[in-house]
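Colleague: I need the structure of the sequence given here:
(2 chains)
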Amino acid sequence: MSEKPIRVLVAKPGLDGHDRGAKVIARALRDAGMEVIYTGLRQTPEQIAAAAIQEDVDVVAMSILSGAHNHLFPKVVKLLKDQNADDILIIGGGVIPEDDIPGLKEAGIAEIFTPGTSTTEVIEYIENSVKKSS
Amino acid sequence: MFEDEKLEKIRNSKKEWQETTLSKTISRFPERKEKFRTGSGDEVKRLYTPEDVKDFDYNEELGFPGQYPYTRGVQPTMYRGRLWTMRQYAGYATAEESNKRYKYLLEQGQTGLSVAFDLPTQIGYDSNHPLAEGEVGKVGVAIDSLKDMEILFDGIPLDKVSTSMTINAPAAVLLAMYIAVAEKQGVSQDKLRGTIQNDILKEYIARGTYIFPPQPSMRLITDIFEYCSKNVPKWNTISISGYHIREAGSSAVQEVAFTLANGIAYVQAAIDAGLDVDSFAPRLSFFFNAHNDLLEEVAKFRAARRLWAKIMKERFKAKNPKSMRMKFHTQTAGSTLTAQQPDNNIIRVTIQTLAAVLGGTQSLHTNSRDEALALPTEESVRIALRTQQIVAHESGVTETIDPLAGSYYVESLTNKIEEEAAKYIEKIDELGGSPKAIEKGYVQKEIQESAYDYQKEVESGKRIVVGVNKYQIDEEPPKDILKVDPEVERLQREKLENLKEERDNEKVKASLEALRTAAQGSENTMPYILDAVKAYATLGEICGVLREEFGEYQQSIIL
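Modeller: This is a model prediction of the structure:
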């Protein structure tokens, strides 16, 4: 019996152009058997939420390195919630200071991955979290 | 470099060494790895000997400092004459805050300024644009109009410092603001020294702050070349950047190849626009990355200089030697810095500083230890600057020119990097040049492959990153990291509203319409941008007009 593959939207909110991490993660998730959609740069929270719903994803993985995470991550959570899509797992990564993490988790970001994280960690986290909730 | 007879002797001795001394040792103590590789993954031999540089012609390939092909450096005396410019990239929050940091850096012995702009500024949006939300003042200083620029350089004599500005798509606007501030200080534009990055091709490839499609972007760039060649002769009109290509994950060879391929595209565009190659080429400058593999990096810098000199002379038929001289800025590699045990980054930066200096850089930014965590604190920036000062004054590597020349390994690696980069450039030529190769996603794909391979090597433990996949410790998250007050965004918007009430809005409107007409035609846009800036039109308004006329670039997504 083949399980339905996990669908992930890898998204770059905000204006920064550092997409090395996002692309490496996207490749690694795909190599791990997930279906990956990458948004490209400069996506607004509205665009990300709309793409997540339209693509019917299980996970939204956002990457940001500009420091605008406190502003943009929670917005995506709220937009998805407003559209009754709060079953989507939302995770984030990038240069995110340790003391911003509790606030982001409170706002509904399930996990934050900071520099030095291995792709295996991210893959395992997604696999475990999505399995649990379905 | 060696006579055949002598080479034969060396070859025989080497064979003997391999069969006796070496094989005895290896049978008892095998080497640590089957294959040894450079930081970029190229195989490294056990030993380099005169055999590896046997066809090497000293005068042809190395020559002398300050002379073609500039392998040994672009100035005749290099650091014996003058040290490199120590230039720390800085800027955050408001113009007032950044002005303070610049004055601090100058007091600490820094010798040039380097301005970091926030992302809305880099993408041509004012601070009150919806897309600017959450980004104002974060990765650099927010500049909305000439007013902010006046504050940014308040009390800094622009005839005395040289200023580098990391600005690309709206480079013409920020340069115009700089010229206007100087004018108010009583400094005429022909005295200004500095650099604008102005390299749009690598924005499409790796850095992401593009606005317009390639064609109008190339036109803005050639407009700047032309304007500056007549009016701002000491200004470096472009900094053709491999830095971000390397940060995105490329190898050393790819960094050289893709950067020089972009350089070729700019030179060709300017020639096609009717400019004489020697009228603008002396003001081209480059910007490279300095990574951890010390010797590979030194070879890279030397190879890049030699290859560019040949390209300018042979391909573009430049006559002025200054057109063939590759001057470059270097920054240490942000992507090598770890969030784990951040003080270790000081040592990484030291090695990279040595690479840049032994490679003959003209200016250098050293990264701060805490950059994988947040914006650097004042203390971290000072240590980074001190790193350069220690290498300059205590290490001894500045006392003679190009001290690694003649090393069998470094020379053979220099040759190899040059050859492989030239092959890549040939491939890009076949694809129709750099803009076409970018459009097809070829360049991005090559870089992504290298980045992914690197990540896999780190995760498999094949490549050791100290503190990340080996020698880890439990550590507390660092305490004092610098954060930008969210209040900055509100303040900046308030300033913008005030400006729009105070300025002569009729004059602004007229200047913007004049710019629109110029953009529609083929006139040089630079004087019109300067007029608009002086009327206090905002960056967003000026780029808005150009967006309407030129359209916006749509990124092709390659995974």
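
Colleague: how far is the lowest-mean-pLDDT helix or strand in chain A from where the chain is centred?
Modeller: Within chain A, judged by mean pLDDT, DSSP states H and E, the helix or strand with the poorest mean is helix A:119-133; its value is a mean of 91. With CA atoms, centre = their mean, to the nearest Å as the basis, helix A:119-133 stands 12 Å off its chain's centre.

Colleague: Any chance you could list what contacts that helix?
Modeller: A:6, A:8, A:24-25, A:28-29, A:32, A:34, A:58-59, A:61, A:87, A:89, A:91, A:93, A:110-111, A:113, B:455, B:459 (CB atoms under 8 Å, 6 or more residues apart in numbering or on different chains). Every residue, glycine included, has its C-beta placed from N, CA and C.

Colleague: Return the subset of those residues lying in helices.
Modeller: Among these, DSSP state H puts A:Val24, A:Ile25, A:Ala28, A:Leu29, B:Gln455, B:Glu459 in helices.

Colleague: now those as a markdown table including distance to B:Gln215?
Modeller: Below are the ones in helices among the contacts of helix A:119-133 laid out as a markdown table (distance: CB to CB, whole Å):
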| residue | distance to B:Gln215 |
| --- | --- |
| A:Val24 | 32 |
| A:Ile25 | 33 |
| A:Ala28 | 36 |
| A:Leu29 | 36 |
| B:Gln455 | 35 |
| B:Glu459 | 41 |
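
Colleague: Quick check: which ranges of the chain have low pLDDT?
Modeller: Since no chain was named, I'll use chain A. Applying pLDDT under 70 to chain A flags the ranges A:1-2, A:132-134.

Colleague: try again with chain B
Modeller: Using pLDDT under 70, chain B drops low at B:1.

Colleague: Please repeat the previous calculation with a cut-off of 50.
Modeller: Judged against pLDDT under 50, chain B has no low-scoring part.

Colleague: out of the ones in helices among the contacts of helix A:119-133, which are buried?
Modeller: By neighbour count, with 16 or more other CB atoms under 10 Å in any protein chain shown, the ones in helices among the contacts of helix A:119-133 hold A:Val24, A:Ile25, A:Ala28, A:Leu29, B:Gln455 as buried.

Colleague: Enumerate the positions of stretch B:484-498 that are buried.
Modeller: Quick answer for stretch B:484-498 (16+ other CB under 10 Å): B:Val484, B:Val488, B:Glu489, B:Leu491, B:Gln492, B:Arg493, B:Lys495, B:Leu496.

Colleague: overlap between those and the residues near chain A?
Modeller: Applying CB under 8 Å from any CB of the partner chain to the buried residues of stretch B:484-498, one finds that B:Val484 fall near chain A.

Colleague: now the buried residues of stretch B:484-498 as TSV including distance to B:Thr330 and secondary structure?
Modeller: Shown next, in TSV, are those (distance: CB to CB, whole Å; DSSP: H, G, I helix; E, B strand; the rest coil):
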residue	distance to B:Thr330	secondary structure
B:Val484	27	coil
B:Val488	30	helix
B:Glu489	33	helix
B:Leu491	35	helix
B:Gln492	32	helix
B:Arg493	37	helix
B:Lys495	35	helix
B:Leu496	36	helix
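
Colleague: Which of the buried residues of stretch B:484-498 lies at the shortest distance from B:Lys445?
Modeller: Of all the buried residues of stretch B:484-498, B:Lys445 sits closest to B:Val484, with 35.2 Å by CB to CB.

Colleague: List the backbone torsions phi and psi for the closest one.
Modeller: phi -90, psi 130 (degrees, to the nearest 10).

Colleague: Next one: B:Ile383 from B:Thr377, what distance?
Modeller: Per CB to CB, to the nearest Å, B:Ile383 is found 10 Å from B:Thr377.

Colleague: which one is B:Tyr408 nearest to, not counting chain neighbours?
Modeller: Computed as CB to CB, 6 or more residues apart in numbering or on different chains, the closest residue to B:Tyr408 that is not its neighbour in sequence is B:Tyr48, at 3.7 Å.

Colleague: what's around that neighbour, how many residues?
Modeller: 16 (other CB atoms under 10 Å in any protein chain shown).

Colleague: In the ones in helices among the contacts of helix A:119-133, find the pair that's most separated.
Modeller: A:Leu29 and B:Glu459 (13.8 Å).

Colleague: Can you verify my assumption that B:Arg369 contacts B:Asp343?
Modeller: Yes. Applying CB atoms under 8 Å, one finds B:Arg369 in contact with B:Asp343, separated by 5.8 Å.

Colleague: can you pull the contacts of whatever residue of the stretch 451-559 of chain B ends up closest to chain A?
Modeller: Nearest to chain A in the stretch 451-559 of chain B, going by CB to the nearest CB, is B:Pro477, at a distance of 3.4 Å. By CB under 8 Å, 6+ apart, the residues touching B:Pro477 are A:Pro97, A:Glu98, A:Asp99.

Colleague: From B:Ala176, how far out is the second one?
Modeller: In this case it means A:Glu98. Distance from A:Glu98 to B:Ala176, by CB to CB: 41 Å.

Colleague: How about stretch B:356-372 and chain A, touching?
Modeller: Yes. Using CB under 8 Å from any CB, stretch B:356-372 comes into contact with chain A via B:Ala372.

Colleague: Which residue comes closest to the residue of chain A found nearest chain B once chain neighbours are left out?
Modeller: Residue of chain A nearest chain B, by CB to the nearest CB: A:Gly17 (1.6 Å). Distances taken as CB to CB, 6+ apart place B:Gly208 nearest to A:Gly17, at 1.6 Å, with adjacent residues excluded.

Colleague: Isn't the one you found up against A:Gly14?
Modeller: No. Judged on CB under 8 Å, B:Gly208 makes no contact with A:Gly14 at a distance of 10.7 Å.

Colleague: can you give me the strands in the chain?
Modeller: No chain in the question, so chain A it is. Listed in chain order, the strands of chain A (DSSP state E) span A:7-11, A:35-38, A:59-64, A:89-94, A:111-113.

Colleague: that's the wrong chain, I wanted chain B
Modeller: Going by DSSP E, chain B shows strands at B:36-37, B:43-44, B:85-86, B:89-90, B:113-115, B:162-165, B:193-196, B:235-236, B:238-241, B:284-290, B:328-332, B:363-365.

Colleague: Any chance of TSV for those, columns mean neighbour count and distance to B:Ile143?
Modeller: Formatted as TSV, the strands of chain B follow (neighbours: other CB atoms under 10 Å in any protein chain shown; distance: least, CB to CB, whole Å):
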stretch	mean neighbour count	distance to B:Ile143
strand B:36-37	14	44
strand B:43-44	12	46
strand B:85-86	21	23
strand B:89-90	20	14
strand B:113-115	25	9
strand B:162-165	22	10
strand B:193-196	22	13
strand B:235-236	24	18
strand B:238-241	28	19
strand B:284-290	27	21
strand B:328-332	27	21
strand B:363-365	26	20
